[in-house]
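Asker: Next one to model:
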Amino acid sequence: MNIAIDGPAGAGKSSIAKLVAKKLLFVYIDTGAMYRTMALYCLKHGIETKDGAQVEGRCDEIDIKIAYEDGEQQIYLNGENVSSEIRSEQVGNQASVVASYPKVREKLVSLQRQMAASSDVIMDGRDIGTVVLPDAEVKIYLTASSAVRAGRRYKELQGKGIECDLKKIEEDIIVRDRQDMSRDVSPLRQAEDAVLLDSSDLSIEEVVDRIIAICKKSA
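Answerer: Residues are numbered from 1 along each chain as shown. Purely as a prediction, here's the structure:
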């Protein structure tokens with residue numbers, strides 16, 4: 001069984017997908033982490049992410065692998081564990097840029113589909129239900145207001161002792177939404193058969209319970 005969760009940045013897709021996966025004993029696949037890893041490679045090697053030809057020209061040099069260690073997903077870039085590095089704001093902001101390039105998407109979508117074909121998976125991203133897993137048994141479009149999403153990200157960063165500005169975080173989120181929804185290749189949109197779930201006024205536990213209820217109806 002495949003569960004696809006799509007939605008904008010900061011909607012809580014990854015946190016919720018992990019909890020649902022744990023309760024249903026599914027494999028969780030964080031596709032956003034893959035695009036962040038592509039962005040990290042570009043930043044480490046001085047590649048201008050806005051130069052599509054340059055980014056696509058380096059795709060064959062990039063090897064991304066996902067492994068589960070002690071129940072946690074780990075991301076490897078050319079053999080190096082970069083699970084922590086890819087979570088920076090800088091990498092996140094560039095991930096939307098590199099994700100707009102056809103060759104980048106082709107490379108990662110192929111890997112994502114291979115994983116989904118061999119296991120019960122829950123996968124989150126921007127185009128899972130529309131492009132990556134169009135035949136997924138359950139599709140969720142998870143969203144929240146930009147103000148709520150920014151507030152969550154602000155608290156997360158503060159909890160890690162990272163200096164941040166709430167207004168700037170919301171501005172970045174709005175820019176990323178625009179990039180994700182307007183790109184030519186696989187833009188962010190709700191699949192026709194996806195269930196819309198707005199988490200603005202819901203706790204994580206309430207969202208998880210609702211998704212599990214939807215899954216049980218589809219089983």
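
Asker: And the residue nearest the centre of the protein?
Answerer: Of all residues in the chain, the one closest to the mean position by C-alpha atoms, centre = their mean is G32, 2.9 Å from it.

Asker: Chain neighbours aside, what residue packs nearest to it?
Answerer: Of all residues not flanking G32 in the chain, G125 sits nearest, at 5.7 Å (C-beta to C-beta, 6 or more residues apart in numbering). Where you see a C-beta, it was placed from the backbone N, CA and C, and this is true even at glycine.

Asker: What residues are recorded as beta-bridge partners of the one you found?
Answerer: Beta bridges link G125 to D6, judged by DSSP bridges.

Asker: Surely it and R36 touch.
Answerer: No - at 11.2 Å, G125 and R36 do not qualify as touching, with contact defined as C-beta atoms under 8 Å.

Asker: more neighbours, those two?
Answerer: The residue with more neighbours, out of G125 and R36, is G125; 30 against 26, by other C-beta atoms under 10 Å.

Asker: Over to the nearest residue to N2 once chain neighbours are set aside: give its phi and psi.
Answerer: Sequence neighbours aside, A136 is the residue nearest to N2 in space, at 4.1 Å (criterion: C-beta to C-beta, 6+ apart). The phi/psi pair for A136 (degrees, to the nearest 10) reads phi -60, psi 140.

Asker: Also the one 4 residues further on?
Answerer: Summarising the backbone geometry of I140 under the convention degrees, to the nearest 10, its torsions are phi -120, psi 130.

Asker: Please apply the same query to D165.
Answerer: phi -120, psi 120.

Asker: That one - how many residues pack around it?
Answerer: Other residues within reach of D165, judged by other C-beta under 10 Å, total 12.

Asker: Just the residues contacting the lowest-mean-pLDDT helix or strand in the chain, thanks.
Answerer: The least trusted helix or strand in the chain, going by mean pLDDT, DSSP states H and E, turns out to be strand 64-69, with a mean of 84. With C-beta atoms under 8 Å, 6 or more residues apart in numbering as the test, strand 64-69 has contacts from 27, 29-30, 33-34, 37-38, 73-77, 108, 111, 115.

Asker: Looking at neighbours, which among those residues is most surrounded?
Answerer: Busiest of these [other C-beta under 10 Å] is M38, holding 28 neighbours.

Asker: What helix or strand is it located in?
Answerer: Element membership of M38, judged by DSSP states H and E, is helix 31-44.

Asker: same deal with R210?
Answerer: Going by DSSP H and E, R210 is in helix 204-218.
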